[in-house]
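Colleague: build me a model:
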Amino acid sequence: TAFEALHLTRYESMLRQVTAQRAPTVSLVYQNSQTWATDKFMNFSDGNNLPQQFFGVQINMPGLFDFGAKQRISQAKKQQLIYESSLLTTQREDELLVLQLRQAGDQLEVNQTILSLQERNDVHVDNQYAAGLLSLDQRLDKYGELLNAQDNYLQSLAAQTLAKYKIFIRQINF
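Modeller: Numbering: from 1, shown residues only. Below you'll find the predicted structure:
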């Protein structure tokens, strides 16, 4: 996304900036000033004007023993690696959430099919019990299977809803 790209370029520019601090630099300096000299305090009528000009060149060559710069470079590299790692982790988590949603949807469809078959079977078993072909224990066993199918359906529905909610929350945070 644009947000991630912005942060990635920020960390890359920080690394380039810290690395550039180890490069030699040349500075040109110019200073122009005026100085007054007198022999009495606060009496400038017989003072002398002394103009001054200063030219200079300053060369800064960071040596091999600049441990502070080395430490800043390694720290900037670590920060960039940490950010890239967090991006990869976030991408993997997003992929897992989508996979969980897809699996939960598939499982919901399977459990819905099983539940509808179980409901039809329960109607058939109820008719057999009413006709006196099944005992009460057999009827209760079949009813227990229907309850298990309903429980499995509700569990898969909850898993799908939870996966949708996690994706919704993830989209709000990013």
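
Colleague: low-confidence stretches in this protein?
Modeller: Per-residue confidence of the chain (counting by pLDDT under 70) places the weak regions at 1-8, 21-22, 44, 62-67, 69, 173-174.

Colleague: quick one, longest helix in it?
Modeller: Assignment by DSSP state H gives helix 67-131 as the longest helix of the chain.

Colleague: just the angle between the helix or strand following that helix and helix 67-131, please?
Modeller: Past helix 67-131, further along toward the C-terminus, the next helix or strand under DSSP states H and E is helix 136-173. Interaxial angle, helix 136-173 versus helix 67-131 (axes from the mean of the first three to the mean of the last three CA atoms, to 10 degrees): 150 degrees.

Colleague: assign L28 to helix, strand or coil.
Modeller: strand (DSSP: H, G, I helix; E, B strand; the rest coil).

Colleague: could you double-check that it lies in contact with I59?
Modeller: No - judged on CB atoms under 8 Å, L28 makes no contact with I59 at a distance of 10.4 Å. C-beta here means a position set from N, CA and C on the backbone, and glycine is covered the same way.

Colleague: okay, the closest residue to E119 other than its chain neighbours and T19: tell me how far apart.
Modeller: When the adjacent residues along the chain are set aside, E119 lies closest to L146, with 6.8 Å between them (CB to CB, 6 or more residues apart in numbering). Separation of L146 from T19 (CB to CB, to the nearest Å): 70 Å.
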